[in-house]
Every structure is written in C-alpha cells, then in structure tokens.
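> turn this into a structure:
(chains A and B)
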Protein chains: 2
Amino acid sequence: MNFLKTALLSLSILISIPFYSQNDEEVMKEIYNLSLTKGKSYDWLNYLSNQIGSRLSGSLGAEKAVAWGKEELDKLGLDKVWLQPVMVPKWVRGAKEYAFIESEPGKTTTVNICALGGSVATPALGIKANVVEVHNFEELAALGKENIEGKIVFFNRPMQADLIHTFEAYGGCVNQRGQGAVEAAKYGAVAVVVRSMNLRLDDLPHTGAMNYGDTSVENRIPAAAISTNDAELLSTMLNLDKNIKFYFKQNCKQLSDVQSYNVIGEITGSEFPKQYMVVGGHLDSWDLGDGSHDDGAGIVQSMEVLRLIKETGIKPKHSIRVVLFMNEENGLRGGKKYAEEAKQKGENHVFALESDSGGFTPRGFSFDCDEANYNQALTWQYLFKPYLIHYFEKGGSGADIGPLKNDKIVLAGLRPDSQRYFDYHHASNDTFDAINKRELELGAATMTSLMYLMDKYGVK
Amino acid sequence: MNFLKTALLSLSILISIPFYSQNDEEVMKEIYNLSLTKGKSYDWLNYLSNQIGSRLSGSLGAEKAVAWGKEELDKLGLDKVWLQPVMVPKWVRGAKEYAFIESEPGKTTTVNICALGGSVATPALGIKANVVEVHNFEELAALGKENIEGKIVFFNRPMQADLIHTFEAYGGCVNQRGQGAVEAAKYGAVAVVVRSMNLRLDDLPHTGAMNYGDTSVENRIPAAAISTNDAELLSTMLNLDKNIKFYFKQNCKQLSDVQSYNVIGEITGSEFPKQYMVVGGHLDSWDLGDGSHDDGAGIVQSMEVLRLIKETGIKPKHSIRVVLFMNEENGLRGGKKYAEEAKQKGENHVFALESDSGGFTPRGFSFDCDEANYNQALTWQYLFKPYLIHYFEKGGSGADIGPLKNDKIVLAGLRPDSQRYFDYHHASNDTFDAINKRELELGAATMTSLMYLMDKYGVK
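Below is the predicted model of the structure:
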C-alpha cells in the first residue's frame, strides 16, 4: 500500500459519516452484506435446534430455550433484557403412538400416526373400531348418529394443490384438525383420525393443536394425525371393504399449567423512547422435530434484527424490542400476555413484525394496517427490488403479535416462499438440515430493513 | 344430483367454448391447475433421475435418456418427433479420485476431490507436490515461475456470499475452474486444485467443465475440484506451514467423439407453421449425481410445456418445438447443431425459452431481445402476479438456445429462486430427493404460460 492510500484510509476512519445522512440504499446494502457474510442467525439456529431441540411449552427444552435466549440477548449489549413471566399449558405426548389397519382378524398393516396436541389418550389398550371417512363437517352431519356412533371418524380432506399460497390451502383444511374431534363427538364417534396437513405424499404424521371447546371431560375423544401416504392407504382400503377396523393407542396427557417466560430485549429509542416497535417469533415448538422452521428461524431472525441494527450503527429513534414469545403453538399465552401487560402499562406500540412462516427465501411482507401506512410501505418497494423482495400485500401478520392489534398499530408478517413449508410443518423432519443458511440470512436482512425504514420514517 | 343440475352439466359439455375467446387469466389458471394437480413433470423426473441416472455425453446413461425422451414425446400425440444426430465428446472419470494433505512424511489427512471435466489424469501413481494458494490470475502472475514451477496451484477464491443472484457469484469465480489449468501451466505448475463452486461449506467436490485452450497435449496438467470444507482446511494448513504437500490421483480420460442426439418434438402451428418457437433444456448431466436440478428439471418442464398445451386444448398458431439438447455441460454440441441445422434449412425461429437453473420456485424470466418485445413481455406481468412471478428483467437466456441468437429472435430463460442451486450444482447430491414437486410444477406452468402468450400475441 502506498503512502497516499494509507493516508486516505486513515482519513476515512477518522471522518465517521453521520448515520442518517447515508441513503437508504447504502444502509440496506450494509444490512444485507452483514447478514450474508457475518450473520449470526445460522449459528444461533444450529445451537437452538441441535443443542436444545424441541421445546413444547412447559418442557425442559422450552425452559432451556428461555435461558439460552436471555443469555444470547445479554451478549448483544442491548439497553434492557428481561423475562416476562407467563403461565403456559403443559401437554405431554408420552410413549410413541401405535396404529394399524385391520382388514380381517389377525391381518394388520401398521400405519404412521401421532396424537394431536391437546388430545386425550386412548384407553390403555387402545381403541379399535370401524371407520367412517368424511371430508368435511357437512358430510359428517349428513351421515348422522346412526352411521357414526361407535366408530372412528377419518377426516381426509387434502390440502388443495392448485392454490399457490400454501397457507391458504392449510387454512382450508385445518378445521378438521382443530374442531374435528368436537364435531365427531356430537354424533357419538369414539375417536378421530385426521389426514396430516401436508401437500406432499410421505410417511410422516404432522401434529398441531386441536381443542375440545366446551365438550365436557367425559365426552372428549382421542384425536390423531395420520401421514398422507397412510391416509391414502386407509381410504383405498375403506373403498375396498367398509368393514375394516382401525386400531390406535396414544399416551398423551394434559398436565397443570407451569411457569414460563417471554424473553424480551430492547434498544431504547433516541427520540421516541415511549413508542415501541416489536419484532418477534415464537420460542416454543412442537415436540416431533426440533422446530427449525417453526419457529426457530423466526426467533433467530428476530434476534438478528436487533444485532444488525447495532452492528450497522443505526441509532433507532423508537424503542425497538425483540420478543421471543412463548406458547404460540398450543395456547398463544405469550402473545396474549405481552399485549395485556403493554396495555396495563400504557405502552404505545406503533409497529410489530413477526416471522413465523419458515426460514425460506423471503418474498416480501403482508401488512395489517390502514391505507396510509400501507401506502408508505409501498413507496419502499423499490429499495427491496435488488433483493428480489417483491411481495407487499395486505393480509395477516403473525399470531403472536395479533393481540397487539388496535386501530393505529402497523402489523406485518415476513412472507417467505411457502412451497416447502408444509413438507416440514409440525413433523419430525422440521430439523436444522432443512434450513438453507442464505435463505435464513436473507430473511433476517429483509426484516431488519423494514424495521430500519419504519423507525426512520415513522408510522403515519 | 337433481334434474336441473344434470341438464345444465350436459349443456355445458355440449357447448364447447372456442379456445381463444377464453381470457388469458382463465387459460393461465387452467395451465397452473393442471400442472399442480395432474402434472407429469415430477413422475418424468423420477424416472429420468432414478431409473436412468447420470447421463454425461457419450455415456450409456445419455443413450438411455435419448431413447426415453423420444419414447415419452411419442406418447404425447405431437405432430412430429425425431432425433437430430450430433457427435459429442466422451470424457470418462474412471476410478474414484484420491487425495490427501501431507503435513509431514507419513502424516496425512484425506480430502474430498474430483477431477474437473475434460482434465487429463495424473500419472498412475498420482502427483505429490508443494502447494501455492492464489485467488486470481493476477496473484498467479505476480508470483511468477520462480514461485510456481513444480508446484500445485490451489485456486481458492470463494463465491461472493453478499451477491443476491448466486449465478453472479458463480460467474465471478468460474474462470478458476475453466482456465485455471491453462494459466497455472504457463508458470510451470504441475497441477491445479480448485475450490468447488459452492456457497455452502460442505464435503462435496463439485465438478464442471475446464478446457486446455491451445495448450499442447504434453503441457496439459491435471485439474481437480476440492470441497469447500477441504479448501478451508488446506488454506489453514498452508498458513501454518508452507511446506506441506498435496497428493492426488485421478484416472479420467478423453475418448473419441461418439454419436448422440438432440430429441425434438413439434406441434405444428395452425397459422404460422414456418415460424418456430422452441422450449428446451439439456438432457446430458454431469456424472456425480443424477442431474435432477441440472438439468433434469429443465427437461421435464420443457416436455410438460407441450403436454400442457395439448391438455388445455390450446391450438398454437406457431410451430412449437421442445428440444432436449445433448451435451450442454462439456461442449454445447447439441445447441450448436440445432442452430446450425435451423440456419441451413432456413427455419425462422422467432422465440426460444430455456430452463437450466434448477427446479426451484420460479421467480420470473430474463429476456435477451429488443425493447419492443421486452416491453410486450412487461405488459403480461400482471397475469403472472397471482403466481408470485415477478421477475421480468433483461439478461441472459440459456446456453443451449444461445446459438440461435440473431437480431430478431426473442430469447428467454426461466429464473427460479437461485439460493440453493449451487448447493447441488455438479455435485453428487444433485439428486431427485433435492426436488420439491410443487416448485418443479410451478416452473413448468410458468414456462407454459409464457409460451402461450408469446404464441397468442406473437413476436413484435
């Protein structure tokens, strides 16, 4: 290096450019560069997935995840880090489920099932009964008690493959899982088996929340998910012979609520410290995989937002919080608690952003807000174009930030590519090897960029 | 079903709606629906990948792929299906390569390498020599003969992680693979070892074409790729001790050219039968994986374009051809032959579309054409919006259709999401399990839609 170059370099170090005079293009470039070349999200997720693993509310994994989240946020040099106590439900799976189709006495075919979250167990020796296949609650009602009593109801409506947004396909099916048991119990069914919410044909059962609504304890019937391949098999076998029987045994249990926590970190705002902008995902996961996509990805991306803000030297005007919500999967207690306490304390939340749709290539955001703020977001689209972020639509945001909703707040959800999401969702293959480092990091940078712009230009 | 419904249904079957009175939205919806619910691309690719497997030009696999391609096109009821003879190079890998780093005599660490396509073998007992690490040809030249002669040159410039388009990062590195051996030989190097073109750190070496240019046969030095993990290791060990040695043995060989074929199918146009629109990919692949992404995906998507056109009842005005090009990977002989023969016969090619960037979620197209045709394509963007296809940019198209280029033709390339492409590219993990059915099918529908619009509205 010659003398002139050395001198110029020293000079450039001495003259630090005031941050907000940099243009948005430069700041965003720096954010993406840092995320892709010196990011922490992938290493964090590696630890969360492979060293802690699954973290269903109330489990040891969830407890470890809380401690880990706090420890990592403590290292970031934020202005505040704390735990917000919240009581959460504790449901445990117990021993692995077992199921078979009996085509005639002694002739059985084992199939892959898992208990749905919140379900009661079967009797100790399991349940064996004839099966009635239905595709929706109307068919169920039409069949009535005379055709259903004493039988297992098999809900087999597949996710619609021709819908481009896979979450829409999920939305069109998930009532089978959530309310199937309640509906079938009305007609005297002894159990329900639900086709897994999976667009792919494979052998993995996908769990997920179900609930019994007002059904009295003695009328609650066990609910299980069956893999898509086995759902096809069961349907075929039923078509060949209505008299086949289905046997299953599951050993799950609802225990008493236990103490847990949301983990919160804050960079206090320089101009509007009493106006809060939140970014978050949920720290709990289902128990079958390690929850890398749902929602480990959202957790580490949200943590990365605050880390990148500090790393790039952004001094936010508003107070920016990362919230690692507990218990999204089976209760939403963390999200509700956070909103409740914010209300009690009169904290003015102006913006909240959630990532809970997997760690895939980010495509954009959906916004739940008024026209003025949506229109402002649209003016930023050109800034995102170099990063192939094109999707700016009105729509939902995220479950955990939902309870913050009011007339003024801007809610947004990161929208990654959704094609592969339900291949992994709530199943044993939602593991770290299903994560691509770059896709995860692009998501973190995309979220950080939106947070930077919202903070800089403010809510309308 | 009541009487009225039955009557209406019969009526709707009788009155068939003339095709071109349907609006574009409806036609495209039908195309996407068919691809996603009754598509053939995934089953085709399953066969090509798992029953035929790798298909390097001149191999038995390539020969089988030609026969399979013709057989499948024959089943589609096209107007013409034929084989276009083309002589192709035949390079064979021979026995698996072997390599180690020797930190001191007798103390060795095995590393993962593979011969680059087109490379000569090492001597029968392999090559062992000191190593010089460089990152580009300038460093190489600066080191000069005195530092390089008798040594192995290790090209270790990584793909740039901060580039959003991974193909750009690939473009910035691939000269190490293509010309590294020629450049290093100028300074008396005995061999080159090149960091794999992979953004991920893993243990897989990635092959790919290299060439010796004008280098005389006796001056050709062997060239191998080393996995990214092992490139990092080698670099670290060199930093600790410049005197370490690298050993490798490879057994590849260039044989005489052999006869092969492009496989071509045509739907003859109803109005402009002498104007041709081509869709294609390349049928050959590298030998390490089964070429599912590169370019099995492009092959089955291109076949699906013609199948979907027939299936939806589109009667194209122009003659639409699918071309399964041979020998893209190490010679481009198929692409050149097709263009050459088209020229000889005076066939007027007005449009060509290639898919050769993997079977990932489609994002859009790049266009290599004049302003008028690019602007026409932009007017179709709104039609693609429901399918999250947003990328309409000027740029390259595809290697195989490149030789068709002239002042008038519109060339286009499908642009899928590129983040994961180089995780698999030319490596042993480019296999069928890395393909997502929906992503593949969305690509096929996206290509079919563009072909439909180009045919309907014509080239400007």
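> how near is residue A:393 to residue A:402?
Per CB to CB, to the nearest Å, residue A:393 is found 17 Å from residue A:402. Bear in mind the C-beta positions are built from the backbone N, C-alpha and C, glycine included.
> pick out whichever of the two has more residues nearby.
Between residue A:393 and residue A:402, counted using other CB atoms under 10 Å in any protein chain shown, residue A:402 has the larger neighbour count: 18 against 11.
> ok, the more buried one to chain B distance?
Computed as CB to the nearest CB, to the nearest Å, the residue A:402 to chain B distance reads 24 Å.
> got the contact list for that residue?
Listed by CB atoms under 8 Å, 6 or more residues apart in numbering or on different chains, the contact set of residue A:402 reads A:332, A:335, A:411.
> next one: phi and psi at it?
Dihedral angles of residue A:402 (phi, psi; degrees, to the nearest 10) stand at phi -50, psi -50.
> wait, isn't residue A:35 in contact with residue A:447?
No - Residue A:35 is beyond contact range of residue A:447, at 9.6 Å (criterion: CB atoms under 8 Å).
> next, show the common contact partners of the two.
With contacts taken as CB under 8 Å, 6+ apart, the residues that reach both residue A:35 and residue A:447 are residue A:304.
> compare the two (neighbour count), which wins?
residue A:35 (31 against 27).
> now the contacts of residue A:402 in CSV, with neighbour count and secondary structure?
Formatted as CSV, the contacts of residue A:402 follow (neighbours: other CB atoms under 10 Å in any protein chain shown; DSSP: H, G, I helix; E, B strand; the rest coil):
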residue, neighbour count, secondary structure
A:332, 19, coil
A:335, 26, helix
A:411, 23, strand
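> out of these, who's nearest residue B:267?
residue A:411 (49.4 Å; CB to CB).
> contact partners for the closest one?
Neighbours of residue A:411 in contact, by CB under 8 Å, 6+ apart: A:351-354, A:367-369, A:397-398, A:401-402, A:404-405.
> for the residue lying closest to residue A:24 once chain neighbours are set aside, give its distance to residue B:362.
Spatial nearest neighbour of residue A:24, excluding adjacent residues (CB to CB, 6 or more residues apart in numbering or on different chains): residue A:383 at 5.5 Å. Here residue A:383 is placed at a distance of 24 Å from residue B:362 (CB to CB).
> likewise for residue A:393?
With CB to CB as the criterion, residue A:393 and residue B:362 are 19 Å apart.
> hey, which helix is longest across chain A?
Counting residues, the longest helix found in chain A (DSSP state H) is helix A:437-457.
> just checking that helix against chain B, any contact.
Yes - judged by CB under 8 Å from any CB of the partner chain, helix A:437-457 and chain B are in contact via A:437-439, A:442.
> where does chain A dip in pLDDT?
A:1-21 (pLDDT under 70).
> can you give me the buried ones in stretch A:424-438?
A:424-432, A:434-438 (16 or more other CB atoms under 10 Å in any protein chain shown).
> wait, which of those is closest to residue B:268?
Checking those one by one against residue B:268 (CB to CB), the nearest turns out to be residue A:436, at 43.4 Å.
> not counting its neighbours along the chain, what's nearest that closest one?
residue B:420 (5.3 Å).
> so who does that neighbour touch?
Contacts of residue B:420 (CB under 8 Å, 6+ apart): A:436, A:438-439, B:358, B:360.
> check residue A:129 too.
A:150-152, A:190-191, A:245-246.
> put together JSON lines for the residues you listed, with secondary structure, neighbour count and distance to chain B on each row.
Formatted as JSON lines, those follow (DSSP: H, G, I helix; E, B strand; the rest coil; neighbours: other CB atoms under 10 Å in any protein chain shown; distance: CB to the nearest CB, whole Å):
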{"residue": "A:150", "secondary structure": "coil", "neighbour count": "10", "distance to chain B": "31"}
{"residue": "A:151", "secondary structure": "coil", "neighbour count": "20", "distance to chain B": "27"}
{"residue": "A:152", "secondary structure": "strand", "neighbour count": "25", "distance to chain B": "29"}
{"residue": "A:190", "secondary structure": "coil", "neighbour count": "20", "distance to chain B": "33"}
{"residue": "A:191", "secondary structure": "strand", "neighbour count": "26", "distance to chain B": "31"}
{"residue": "A:245", "secondary structure": "strand", "neighbour count": "18", "distance to chain B": "32"}
{"residue": "A:246", "secondary structure": "strand", "neighbour count": "25", "distance to chain B": "28"}
